[in-house]
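K.L.:
with the sequence up front, the predicted model follows.
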Amino acid sequence: MKSLKELDASSIRWVLTDIDDTLTDHGKLKSPAYDALWKLNDHGFQIVPITGRPAGWCEMIARFWPVDGVVGENGGLYFRQLKGQMKRVYLVQEELRKKNRQLLKKIEGEVLNNIPGAQVASDQFCRQMDLAIDFCEDVPPLDPKSVNQIVSIFQKHGAQAKVSSIHVNGWFGEYDKLSTCKIYFQNEHQLNLDECKDRVIFCGDSPNDEPMFGYFPFSVGVANVQNFVHQMHHKPQFVTQKPGGEGFEELSKVLIQIRQKKNYI
């Protein structure tokens, strides 16, 4: 992974970013990272958070943050506030979502009965598409073997499972963060992401960001991604010096400096 000093991102227009442990530090969105979002917006960058967080959070983010839209639940949905109206797009129709939730409820019981210390994530009540199992956000951290067992239980039932920095997220459906990003760009901006990905930069921190790291030529990990690189087949192209929100702020300053230099020339 390269230093941000080697980043030549003069073509970047879009900033896609994970939230937990990428924008946040120890579970808090601090003022420097939030201010960095506004500064990027003020300099003409269009921001789309790409997160495993639930629909309820996405509603708030799309409404109140300086973002073009937000992809949530690991690609299960996207929300966009447009001309005073909230647009909500789900990758699975309501009838099938109900059936999937029943299947996920069975998986939930199996996980809780077999993995001591695992709990359903506190934000599960506002999820539409997936089941989030907390392994270190509001519970004492579980060991890697237990986390892998949670993943195995999801997979045994035919569900997809991704490990973030705090949760194991599982769902039924052939989608992920990247596939829904492509749909978002096509539906909302009539852009083929395969043809314009050199105008996009993605910032993340954990294994569930791998599809994004592997796809975008401009992919950045905040410094705490180093905790997971041994588990990852696709690593970010660049890495910040600082972790979490401080790392995102570091990236934002580089992008703004490049934009200002380009405009000056």
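P.N.:
Cool, got the structure.
K.L.:
need the residues that contact the strand or helix carrying residue 247.
P.N.:
For residue 247, the host element (DSSP states H and E) is helix 244-264. With contact meaning CB atoms under 8 Å, 6 or more residues apart in numbering, helix 244-264 is reached by 4, 7-10, 12, 15, 17, 21-26, 29-30, 32-33, 35-37, 39-40, 43-45, 201, 203, 205, 220, 222-224, 240-242. For the C-beta atoms, the positions are set from N, CA and C on the backbone; glycine is no exception.
K.L.:
any buried residues in stretch 171-181, and which?
P.N.:
171-173, 175-178, 180-181 (16 or more other CB atoms under 10 Å).
K.L.:
just stretch 90-100 next, same as before
P.N.:
Across stretch 90-100, burial judged by 16+ other CB under 10 Å covers 90-92, 97, 100.
K.L.:
cool, and stretch 148-163?
P.N.:
Buried residues in stretch 148-163, counted by 16+ other CB under 10 Å: 149-151, 153-154, 159-163.
K.L.:
export that stretch as PDB, just CAs?
P.N.:
What follows is stretch 148-163, C-alpha atoms only, in PDB (Å, rounded to 0.1, in the frame of the first residue of the first chain):
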ATOM      1  CA  ASN A 148     -15.400 -17.000  12.000                       C
ATOM      2  CA  GLN A 149     -18.000 -19.400  13.500                       C
ATOM      3  CA  ILE A 150     -20.600 -16.700  13.200                       C
ATOM      4  CA  VAL A 151     -19.700 -16.300   9.500                       C
ATOM      5  CA  SER A 152     -19.900 -20.100   9.000                       C
ATOM      6  CA  ILE A 153     -23.400 -20.200  10.500                       C
ATOM      7  CA  PHE A 154     -24.700 -17.600   8.100                       C
ATOM      8  CA  GLN A 155     -23.000 -19.400   5.100                       C
ATOM      9  CA  LYS A 156     -24.400 -22.800   6.200                       C
ATOM     10  CA  HIS A 157     -27.900 -21.400   5.700                       C
ATOM     11  CA  GLY A 158     -27.000 -20.000   2.300                       C
ATOM     12  CA  ALA A 159     -26.700 -16.400   3.400                       C
ATOM     13  CA  GLN A 160     -23.900 -14.000   2.600                       C
ATOM     14  CA  ALA A 161     -21.800 -12.800   5.500                       C
ATOM     15  CA  LYS A 162     -19.300 -10.000   5.700                       C
ATOM     16  CA  VAL A 163     -17.100  -8.900   8.700                       C
END
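K.L.:
so that it lines up with my notes, have the first residue be 521 from now on.
P.N.:
That works, and once the first residue is 521, the last one we named lands at stretch 668-683.
K.L.:
how close does the residue nearest in space to the middle of the chain sit to residue 583?
P.N.:
Nearest to the mean C-alpha position of the chain, counting by CA atoms, centre = their mean, stands residue 571 at 2.8 Å. Between residue 571 and residue 583 the computed distance is 15 Å (CB to CB, to the nearest Å).
K.L.:
likewise for residue 631?
P.N.:
With distances taken as CB to CB, residue 631 is found 32 Å from residue 583.
K.L.:
cool, residue 675 as well?
P.N.:
Going from residue 675 to residue 583 by CB to CB gives 35 Å.
K.L.:
same deal with residue 574?
P.N.:
Applying CB to CB, the value for residue 574 to residue 583 is 15 Å.
K.L.:
the two: who's more crowded?
P.N.:
residue 574 (23 against 12; other CB atoms under 10 Å).
K.L.:
nearest spatial neighbour of that one, skipping sequence neighbours?
P.N.:
Among residues not flanking residue 574 along the chain, residue 647 sits closest, at 4.0 Å (CB to CB, 6 or more residues apart in numbering).
K.L.:
ditto for residue 578
P.N.:
The shortest distance from residue 578 to any non-neighbouring residue, by CB to CB, 6+ apart, is to residue 592 (3.8 Å).
K.L.:
the strands in the stretch 521-670 of the chain, which residues?
P.N.:
522-523, 534-537, 566-569, 590-592, 597-602, 605-610, 639-640, 651-654 (DSSP state E, counting those that start in this stretch).
K.L.:
among those strands, show me which one is buried the most.
P.N.:
strand 590-592 (a mean of 28; mean count of other CB atoms under 10 Å).
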